[in-house]
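> can you look at this prediction? I've put the sequence above it.
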Amino acid sequence: MKLQHTAAALALLAAFGAQAQDTLVKIGHSGPLSGSQAFSGKDNESGARLAVEELNAKPITVAGKKLKFELLSEDDQGDPKAGMAAAQKLIDKGVRFVVGPYNSGVAIPASRAYNDAGALVATVATNPKLTQQGYQGLYRVNASDTQLGSKMALYAAKELKFKTVAVIDDRTAFGQGVAEEFKKSAKAAGMNVVGHEFTNDKAFDFTAILTKLKTKKVEAIFFGGYAPQAAPMARQMKQLGINAKLLGGDTICTAEMGKLGGDAVGDNVLCSQGGAILDKASAGQAFKAKFKARFKQDADVYAAAYYDATMLYAQAMQKANSTDPAKVQPVISAGSYQGVAGTYAFDAKGDMKQSPVTIFTFKAGQPVALTSY
């Protein structure tokens, strides 16, 4: 009887030993999981979760040990103050690899805390100021406002042949940044910017601003802001009989825009999003199918980028043969990773060397790609 007990105890110890030999890698996610932008935060989180689940299903080995990935997610509410608290929570839990924050207004202050803690950050936040801070472990896995705003302006000038446009921005770090880039490029492309109005990211009534712009007979209004404001803006443009197109950046390139805007959102809305057309990317269709099977809904704007960012970390750990961020960082900075949404290779600032931009419109409430350049 004793022998059986000893054998069982040894087997148990061996099992514990095997588990103890695994190296735990915590991936932190920071994004708006509550409030009006929660649809984006949850979509991003799901992209990272899918990658973590796949990595754990066929474990990779680093320095002779299997890696076990764990996703720790914090709600930063899309708010700079809450974002700093979320960053501190993740740092305190030992997270040294972060995907997010989603909002530029959160990413800019939080990136300092992550940098000071020696954590690496992969974000889709687009404000150019983010990567001008000089943090070596900070990567933008998407086009910046410079690219999103300027490509939208070029499309409006060259393809739509518009001459008279106006700008509205919501005063967030993202909205302001992308609106300024659009304005700059619109003027350079020969368009006349006849107005620049301001609102905020909690507003829902834009009648006064739109009435003012209606008198200027604009052909398009570029809105620097998010879908929860852009959708009622589209409805109010329709009610006021403004036939101008509503243009925007990646944050209005979402199914939520169609859902909130209803019949006021169609081919009158155009938006620019970082990355090539996912349907045309070789791994794009497979990713979309996997995502839908796992989460019972379609992948939205940046699910693929968050999936890619998580996989990028894992591949760099394999190449560095280490899970130490100080050893993983130079591998990411010097290397190139082929992901679902594109090829990730970074310049000295941490911006992507090449990030195509896709212009979308809406059909039956869904964003539909028109062209990439």
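Arrived safely, thanks for sending.

> tell me the contacts of Lys353?
For Lys353, the contacting residues are Ala345, Phe346, Asp347, by Cβ atoms under 8 Å, 6 or more residues apart in numbering. For the C-beta atoms, the positions are set from N, CA and C on the backbone; glycine is no exception.

> can you tell me which of the residues you listed is nearest Thr251?
Distance to Thr251 across these (Cβ to Cβ) is lowest for Phe346, with 22.8 Å.

> quick one: that closest one from Val265, how far?
Counting by Cβ to Cβ, to the nearest Å, the gap from Phe346 to Val265 is 35 Å.

> also Gln21?
Summarising the geometry, the distance separating Gln21 from Val265, computed by Cβ to Cβ, is 53 Å.

> report the central residue of the protein.
Centroid-nearest residue in the chain: Val124, 3.6 Å away (criterion: Cα atoms, centre = their mean).

> excluding its backbone neighbours, what's nearest it?
Ranked by Cβ to Cβ, 6 or more residues apart in numbering and with sequence neighbours excluded, the top spatial neighbour of Val124 is Asn142, at 4.1 Å.

> for Ile60, which residues are in contact?
Counting by Cβ under 8 Å, 6+ apart, Ile60 has contacts Lys66, Leu67, Ala314, Met317, Gln318.

> could you dump those to TSV with secondary structure?
Formatted as TSV, the contacts of Ile60 follow (DSSP: H, G, I helix; E, B strand; the rest coil):
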residue	secondary structure
Lys66	strand
Leu67	strand
Ala314	helix
Met317	helix
Gln318	helix
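
> which one (most neighbours) among those?
For those, counting by other Cβ atoms under 10 Å, the largest number of neighbours falls to Met317: 25 neighbours.

> can you list the low-confidence ranges for the stretch 151-300 of the chain?
Under the criterion of pLDDT under 70, none of the stretch 151-300 of the chain is flagged as low confidence.

> what about the helices in it?
Listed in chain order, the helices of the stretch 151-300 of the chain (DSSP state H, counting those that start in this stretch) span residues 173-188, 207-214, 227-239, 255-261, 284-295.

> rebuild those helices as JSON lines, extending it with distance to Arg49 and mean neighbour count.
Putting the helices of the stretch 151-300 of the chain into JSON lines (distance: least, Cβ to Cβ, whole Å; neighbours: other Cβ atoms under 10 Å) gives the following:
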{"stretch": "helix 173-188", "distance to Arg49": "24", "mean neighbour count": "23"}
{"stretch": "helix 207-214", "distance to Arg49": "39", "mean neighbour count": "16"}
{"stretch": "helix 227-239", "distance to Arg49": "22", "mean neighbour count": "22"}
{"stretch": "helix 255-261", "distance to Arg49": "19", "mean neighbour count": "22"}
{"stretch": "helix 284-295", "distance to Arg49": "8", "mean neighbour count": "15"}
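
> next, format those helices as JSON lines and append distance to Gly274.
Below are the helices of the stretch 151-300 of the chain laid out as JSON lines (distance: least, Cβ to Cβ, whole Å):
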{"stretch": "helix 173-188", "distance to Gly274": "11"}
{"stretch": "helix 207-214", "distance to Gly274": "28"}
{"stretch": "helix 227-239", "distance to Gly274": "16"}
{"stretch": "helix 255-261", "distance to Gly274": "17"}
{"stretch": "helix 284-295", "distance to Gly274": "14"}
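
> all strands for the stretch 1-150 of the chain, in order.
If DSSP state E, counting those that start in this stretch is used as the criterion, the strands of the stretch 1-150 of the chain fall at 23-31, 61-62, 65-75, 97-99, 120-123, 138-140.

> what about the helices in the stretch 1-150 of the chain?
Along the stretch 1-150 of the chain, the stretches classed as helices by DSSP H, counting those that start in this stretch are 2-21, 38-57, 80-92, 104-116, 145-154.

> winner for burial among these?
helix 145-154 (a mean of 25; mean count of other Cβ atoms under 10 Å).

> what's the angle between it and helix 173-188?
If you take axes from the mean of the first three to the mean of the last three Cα atoms, to 10 degrees, helix 145-154 sits at 40 degrees to helix 173-188.

> let's have the chain start at 680 instead
All right, first residue 680 from here; so that's helix 824-833.

> Ser773 and Ala798, how far apart?
That one is not Ser; residue 773 is Gly. As defined by Cβ to Cβ, Gly773 lies at a distance of 10 Å from Ala798.
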